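>>> Quick one, structure for this:
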Amino acid sequence: MLTDEKDSFHSILELKIITTRVCHHGITQGNDMDEITFSNGSLVFPCGKSTALEVLEVQLPGKKVVSATAFRNGLRGQKLKKLIADETFHLTAV
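You can find the predicted model right below:
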């Protein structure tokens with residue numbers, strides 16, 4: 001979910017995760033467990049038990065693959081939060 005705190009704007013943003021790595025520095029206590037942060041050139045997705053996944057490249061529908069840094073620059077101050085619609089996950093092979 002993409003949020004803009006200036007005008008309480010919320011929209012759902014679908015993206016394909018292309019390249020990841022295990023986050024070695026974990027989650028800090030102050031972070032909200034659904035807030036996606038940016039650290040060391042990657043988007044950091046919080047997972048269970050104070051672990052996280054670093055996302056290095058993403059792709060929006062109909063767009064080319066971009067680095068996490070380029071994606072973040074395009075957000076222009078908006079924040080990202082995880083949105084889990086239900087407890088099921090749909091995985092597809094690429």
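>>> Tell me which strands the helix or strand hosting residue 43 pairs with, and in which orientation.
Assigning secondary structure by DSSP states H and E places residue 43 in strand 42-46. Take DSSP bridges as the rule and strand 42-46 pairs in its sheet with strand 35-39 (antiparallel), strand 52-59 (antiparallel).
>>> residue contacts, residue 21?
Taking Cβ atoms under 8 Å, 6 or more residues apart in numbering, we find residue 21 in contact with 42, 53-54, 56. C-beta here means a position set from N, CA and C on the backbone, and glycine is covered the same way.
>>> what are the ranges of the helices in this structure?
68-75 (DSSP state H).
>>> Could you tell me which ranges of it sit under the pLDDT cut-off?
1-9, 24-32, 84-94 (pLDDT under 70).
>>> where along it do the strands fall?
Remark: strands assigned in the chain by DSSP state E are 2-4, 9-11, 16-22, 35-39, 42-46, 52-59, 66-67, 79-81.
>>> For the nearest residue to residue 72 once chain neighbours are set aside, the count of nearby residues, please.
Distance criterion Cβ to Cβ, 6 or more residues apart in numbering; nearest residue to residue 72, sequence neighbours excluded, is residue 38 at 5.1 Å. Neighbours of residue 38 under the rule other Cβ atoms under 10 Å: 16.
>>> Residue 38 pairs with what?
Counting by DSSP bridges, residue 38 is bridged to residue 43.
>>> Same question for residue 67.
Going by DSSP bridges, residue 67 forms beta bridges with residue 57.
>>> who touches the nearest residue to residue 18 once chain neighbours are set aside in this structure?
Spatial nearest neighbour of residue 18, excluding adjacent residues (Cβ to Cβ, 6+ apart): residue 57 at 4.0 Å. Neighbouring residues of residue 57 by Cβ under 8 Å, 6+ apart: 17-19, 65-68.
>>> Nothing else from me, thank you.
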